[in-house]
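S.K.: below are the sequence and a predicted model; questions follow.
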Amino acid sequence: MIAHPTRTVAAELAETIQSIVESHGAWRVLRAALAAALWRKRPPPFDDAEALSDHMRRDIGLLPRESSYWDIR
C-alpha cells in the first residue's frame with residue numbers, strides 16, 4: 001500500500017517560509033532569495049586541455065597528446 005501523507009510538501013514549505021518571514025522580515029527574505037538566485041557562484045572555466053587524459057581529449061574531439069618514452073614511466 002502507498003502511504004498518503006496528511007500534509008503536502010508545499011504546505012510544509014509554505015509554513016517554513018512563513019516562519020522565516022516572521023522572524024526576519026519580508027524584505028530581508030526577499031532580498032536574500034533574489035541575491036541567491038541572481039549571484040550564483042560559478043565554477044571557474046577549465047581552459048587547460050593539456051591536463052586532460054588522451055581518453056577525455058578524444059571524447060571532446062581533440063587529438064591525443066604526443067607521447068614519448070618518458071611519459072610511460
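M.R.: Happy to help now that I have it. Numbering: from 1, shown residues only.

S.K.: so which residue is dead centre in this structure?
M.R.: When CA atoms, centre = their mean is applied to the chain, the residue found nearest the centroid is residue 42 (8.3 Å).

S.K.: for the chain, which spans come out with low pLDDT?
M.R.: For the chain, the stretches flagged by pLDDT under 70 are 1-6, 67-73.

S.K.: circling back: for the residue nearest to the centre of the chain, pull up the helix or strand it's in.
M.R.: Using DSSP states H and E, residue 42 falls within no helix or strand.

S.K.: and it, how far is that from residue 14?
M.R.: 30 Å (CB to CB, to the nearest Å). Just so you know, the C-beta spots here come from the backbone N, C-alpha and C atoms, and that holds for glycine as well.

S.K.: can you check residue 65 too?
M.R.: Distance, residue 65 to residue 14, using CB to CB: 55 Å.

S.K.: give me the three-state assignment for the residue lying closest to residue 58 once chain neighbours are set aside.
M.R.: Leaving aside its sequence neighbours, residue 58 sits nearest to residue 64 (CB to CB, 6 or more residues apart in numbering; 6.5 Å). Here residue 64 is recorded as coil under DSSP: H, G, I helix; E, B strand; the rest coil.

S.K.: now do the contacts for residue 64.
M.R.: Residues near residue 64 by CB atoms under 8 Å, 6 or more residues apart in numbering: 54, 57-58.

S.K.: over to it: give its phi and psi.
M.R.: Per-residue torsions, residue 64: phi -70, psi 160 (degrees, to the nearest 10).

S.K.: now do residue 40
M.R.: Residue torsions, per degrees, to the nearest 10, at residue 40 are phi -70, psi 150.

S.K.: that one - how many residues pack around it?
M.R.: Neighbourhood size, residue 40 [other CB atoms under 10 Å]: 7.

S.K.: now do the helices in the chain.
M.R.: Using DSSP state H, the helices of the chain run over 9-24, 26-38, 54-59, 69-72.

S.K.: possible to save those helices as CSV with mean neighbour count?
M.R.: As requested, these are exported to CSV (neighbours: other CB atoms under 10 Å):
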stretch, mean neighbour count
helix 9-24, 11
helix 26-38, 11
helix 54-59, 11
helix 69-72, 6
